[in-house]
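A.B. asks: Predicted model follows, preceded by the sequence.
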Amino acid sequence: MTTKNYFKIPLLLMTIAILTSCSNNSDWNRFGLNGKVKTYLERKYEAEKKFGEWENGDREDYGNNRIFFDIEGNYQCAEYLDKDNGLLGKFIPQRENGEIIEEIYYNKDGKLINKIKNIHNSKDEFEFIVFNKDGEKTTQGKYYFVNNRCVKKEVQTFEEDKVKEEYSVVAEYDKKGHQISEKHTDKKGEITYFMKFKYIDFDKNNNWTKRFGYGSEEGEEPENIFIREYEYY
């Protein structure tokens, strides 16, 4: 199973959009966070077994990010980081009446790369359109929510105004609202990416600090270890 390029930086771009659709709750809630989180840093490592225990191996080039919130719990910006914590890109939301109507993605040099337009249909559904720096539409899709969690995403990518790829993402959650799996399927229904999660450690506010990622439903050995560090108000 291969992971295509749109599961790298664009995946985070889509992930942020998932988490910040219309909601009467703070973005803390939509991100599944407890307490007054100011920032969190998430790092992704290869899983390596030593002396019978799974430990952090090499840090991955992709999947590292830092998210910032204000004192009211509103998401302020997201930084996408390389394995050395160097900035790869930054997402900045634009709000209207409390809702995020647009997100702008800049590269590490501060140059515009993408803009995402959000169309809020209801509290359980919204659409998005991604434009590149030249104003051309590159991606569009729709998100579906249940209990303030995204359960499905449908996506089309474009090239020269024609549909290039179509895929969908289905996410599952446990009773506590933690995401336990994510499955990507193409137009033919073939699985192009799958990850399931197991939560290992939590901090005093019951926010997870360590989880394992498995690349198949039957997988018994983790492929990745995700680590989070939090700063609170």
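C.D. replies: Nice, I can see it. Numbering: from 1, shown residues only.
A.B. asks: and Tyr233, what does it touch?
C.D. replies: Listed by C-beta atoms under 8 Å, 6 or more residues apart in numbering, the contact set of Tyr233 reads Lys36, Val37, Lys38, Ile71. No exception for glycine: its C-beta is placed from N, CA and C like everyone else's.
A.B. asks: buried set for the stretch of helix or strand Tyr143 belongs to?
C.D. replies: For Tyr143, the host element (DSSP states H and E) is strand 137-146. Within strand 137-146, the residues scored as buried using 16 or more other C-beta atoms under 10 Å are Thr138, Thr139, Gln140, Gly141, Lys142, Tyr143, Phe145.
A.B. asks: who's sitting farthest from the centroid in this structure?
C.D. replies: In the chain, the residue that sits farthest from the middle, by C-alpha atoms, centre = their mean, is Phe51; the gap is 32.5 Å.
A.B. asks: quick one: strands adjacent to the strand holding Tyr143?
C.D. replies: Partners of strand 137-146 in the sheet, by DSSP bridges, are strand 125-132 (antiparallel), strand 149-159 (antiparallel).
A.B. asks: closest to Ser181 out of those?
C.D. replies: strand 149-159 (11.1 Å; C-beta to C-beta).
A.B. asks: I'd like the average pLDDT over that closest one.
C.D. replies: Strand 149-159 carries an average pLDDT of 92.
A.B. asks: Export only the CA atoms of that strand, formatted as CSV.
C.D. replies: This file holds the C-alpha atoms of strand 149-159, laid out as CSV (Å, rounded to 0.1, in the frame of the first residue of the first chain):
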residue,chain,number,x,y,z
ARG,A,149,-16.4,14.7,15.0
CYS,A,150,-15.7,14.3,11.3
VAL,A,151,-16.7,10.8,10.2
LYS,A,152,-16.4,11.2,6.4
LYS,A,153,-14.6,13.4,3.8
GLU,A,154,-15.2,13.3,0.1
VAL,A,155,-12.5,14.9,-2.1
GLN,A,156,-11.9,15.7,-5.8
THR,A,157,-8.6,17.1,-7.1
PHE,A,158,-8.3,19.0,-10.4
GLU,A,159,-5.8,19.6,-13.1
